[in-house]
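S.K.: Just a sequence and a predicted model for now, questions to come.
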Protein chains: 2
Amino acid sequence: MRAMNVILIQPREWGSNSTHGQIVLGGERHRHIRTVLQPVVGDQLRVGLLGGHLGMGLVQAVDEHSITLDVAFTSPPPAALPVTLVLALPRPKVLRRTLQACATLGVKEIYLINSYRVEKSYWQTPFLEPEAVQKSLLLGLEQARDTILPRIHLRKRFKPFVEDELPALAAGKAAWTAHPVPDALPCPSTINEPCLLAVGPEGGFIQYEVEKLAAAGFRTIGLGPRILKVETALPALLGKLFL
Amino acid sequence: MRAMNVILIQPREWGSNSTHGQIVLGGERHRHIRTVLQPVVGDQLRVGLLGGHLGMGLVQAVDEHSITLDVAFTSPPPAALPVTLVLALPRPKVLRRTLQACATLGVKEIYLINSYRVEKSYWQTPFLEPEAVQKSLLLGLEQARDTILPRIHLRKRFKPFVEDELPALAAGKAAWTAHPVPDALPCPSTINEPCLLAVGPEGGFIQYEVEKLAAAGFRTIGLGPRILKVETALPALLGKLFL
């Protein structure tokens, strides 16, 4: 279910550097606002400029085709989580929900990577196309009242990514692989510094991958003996680490 | 996707108090084991006695109709979370996933309650029927390698539950309402004592409900300014509080 806790406006719709002004919204957003929020003239609705500030929009007119708002963008979006997420590409349905959850929780850098247990077909899903990814992320931002889109990086080859690119990304930062093995370190709590978190596919990273990540500076952490699905593990990890 | 990380055996199938013995599995579990795990004679499979111990099962025979295991139940299931969850009944699809996630994470007491923003129709869903609930919970236990089913309590009236039943449940324990308001206390971390956690519906508890919960001893906590879906908030809260 879509929770439009903020109406997000694209910079190209807004078209100026001003923090105040009028905007007319039509199409799918108008339908959703009209059906769910059911605003009347004089109501204040929460708005956000994508990539910019949050604010309020005073309803000036509503009809069957459009809604006119007098908008002021006044306050910064909520803080981002200081994490770069390195995530084995989940299967398509989980991918969509996971991107949305990441956007909601405030993750801003996501590397979707290959792994031995990522099925090749997952890379062919339409949910990975830029428009579909953008849609999932926007739903997540709307839920959280955030305006800053996460950046998604696709890395279809594990070894070149982990050997050639990851060490530079991890330089000087804490880095963890979430992996439920008995000798995993306990997951740290309430971190507030830049760090990296690697999360495996269903079935987990294979030992070779855990070792390659370790060679890139990643220490293995766990949340206890239970094996969690990616969509459960990720909010649990992010909640424990950052919230 | 079903992750049968342990094969759960019902006490009525086992039929004895012994910790060792032979069992023949047929039907749906047999099909899943045969298709996904593809065991051969001599393999060891993880098993668990529902309500009892975990162990291993040595494959003695597999054919098109059944699998025969020589089983020993030797080790206790993972520790439960020390929390009683008071959860506004989610809409049906979310209910199913949430029950599964709760079982996976180790929640053992769940009160599904009414709330102003719970639609009446949610109480009519087939997913609330005992067999459907049991199915969701078993999937969650299979995922986590746990054997202890959560107990689900349905409370269709908010006020009598919160006024007459909840104070006794909360007596002497920490109790929190997760509610994303600016003056919420930060969510505590790494709790290891009996406590209660109340989580609202999509759209949140209304002020009256937060106040009634406060009168029953619940303090309002939050995970920051972001508004999370129930299925994101719950693992994030449980991860932060207990894992």
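M.R.: It's in. Numbering: from 1, shown residues only, chains lettered A, B, ... in the order given.
S.K.: close to chain B, is stretch A:24-33?
M.R.: No - using C-beta under 8 Å from any C-beta of the partner chain, no contact is recorded between stretch A:24-33 and chain B, whose separation bottoms out at 15.2 Å. Backbone N, C-alpha and C define where each C-beta goes, glycine included.
S.K.: Let's test this: mean pLDDT of that stretch, rounded?
M.R.: This predicted structure assigns stretch A:24-33 an average pLDDT of 92.
S.K.: Provide the secondary structure category for A:Lys240.
M.R.: What DSSP: H, G, I helix; E, B strand; the rest coil gives for A:Lys240 is helix.
S.K.: What count of nearby residues applies to it?
M.R.: Using other C-beta atoms under 10 Å in any protein chain shown as the criterion, A:Lys240 is surrounded by 26 other residues.
S.K.: do the same with A:Gln100
M.R.: Other residues near A:Gln100 come to 22 when the count uses other C-beta under 10 Å.
S.K.: Reduced to three states, what does it come out as?
M.R.: Each residue gets one of three states, and A:Gln100 gets helix by three-state DSSP.
S.K.: Now the most centrally placed residue in chain A: which helix or strand?
M.R.: Within chain A, one residue has its C-alpha closest to the average C-alpha position: by C-alpha atoms, centre = their mean, that is A:Ala103, at 2.4 Å. Assigned by DSSP states H and E, A:Ala103 belongs to helix A:92-105.
S.K.: How far does that helix sit from its chain's centre?
M.R.: 7 Å (C-alpha atoms, centre = their mean, to the nearest Å).
S.K.: Same check on stretch A:33-50?
M.R.: Average the C-alpha atoms of stretch A:33-50, do the same for its chain, and the two points are 24 Å apart (C-alpha atoms, centre = their mean).
S.K.: Could you do stretch A:1-21 as well?
M.R.: Centroid separation between stretch A:1-21 and its chain, computed with C-alpha atoms, centre = their mean, is 18 Å.
S.K.: And the strands in chain A?
M.R.: A:7-9, A:20-25, A:44-49, A:54-62, A:67-75, A:83-88, A:109-113, A:151-155, A:174-178, A:185-186, A:195-199, A:219-222 (DSSP state E).
S.K.: could the ones you listed go into a markdown table alongside mean neighbour count and distance to A:Leu238?
M.R.: Written out in a markdown table, the entries for the strands of chain A read as follows (neighbours: other C-beta atoms under 10 Å in any protein chain shown; distance: least, C-beta to C-beta, whole Å):
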| stretch | mean neighbour count | distance to A:Leu238 |
| --- | --- | --- |
| strand A:7-9 | 22 | 22 |
| strand A:20-25 | 15 | 32 |
| strand A:44-49 | 19 | 22 |
| strand A:54-62 | 18 | 22 |
| strand A:67-75 | 18 | 24 |
| strand A:83-88 | 24 | 7 |
| strand A:109-113 | 22 | 12 |
| strand A:151-155 | 15 | 17 |
| strand A:174-178 | 23 | 10 |
| strand A:185-186 | 11 | 16 |
| strand A:195-199 | 23 | 8 |
| strand A:219-222 | 19 | 13 |
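S.K.: which one is A:Pro182 nearest to, not counting chain neighbours?
M.R.: Counting by C-beta to C-beta, 6 or more residues apart in numbering or on different chains, the nearest residue to A:Pro182 once its immediate chain neighbours are dropped is A:Pro225, at 7.6 Å.
S.K.: Which pLDDT value goes with the spatially closest residue to the residue nearest to the centre of chain A that is not a sequence neighbour?
M.R.: Counting by C-beta to C-beta, 6+ apart, the nearest residue to A:Ala103 once its immediate chain neighbours are dropped is A:Gly140, at 2.6 Å. Note for A:Gly140: predicted pLDDT of 98.
S.K.: quick one: contacts for A:Gly140?
M.R.: A:Gly140 is in contact with A:99-104, A:146, counting by C-beta atoms under 8 Å, 6 or more residues apart in numbering or on different chains.
S.K.: Distance from the least confident helix or strand in chain A by mean pLDDT to the middle of the chain?
M.R.: The helix or strand of chain A with the poorest confidence is helix A:27-32; it has a mean of 90 (mean pLDDT, DSSP states H and E). On the basis of C-alpha atoms, centre = their mean, helix A:27-32 is displaced by 23 Å from the centre of the chain it belongs to.
S.K.: Using PDB, write out every CA atom in it.
M.R.: Presented in PDB, the C-alpha positions along helix A:27-32 are these (Å, rounded to 0.1, in the frame of the first residue of the first chain):
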ATOM      1  CA  GLY A  27      -1.800  12.700 -13.500                       C
ATOM      2  CA  GLU A  28      -1.300   9.800 -11.200                       C
ATOM      3  CA  ARG A  29      -0.200  11.800  -8.200                       C
ATOM      4  CA  HIS A  30      -3.300  14.000  -8.500                       C
ATOM      5  CA  ARG A  31      -5.500  10.900  -8.500                       C
ATOM      6  CA  HIS A  32      -3.800   9.500  -5.500                       C
END
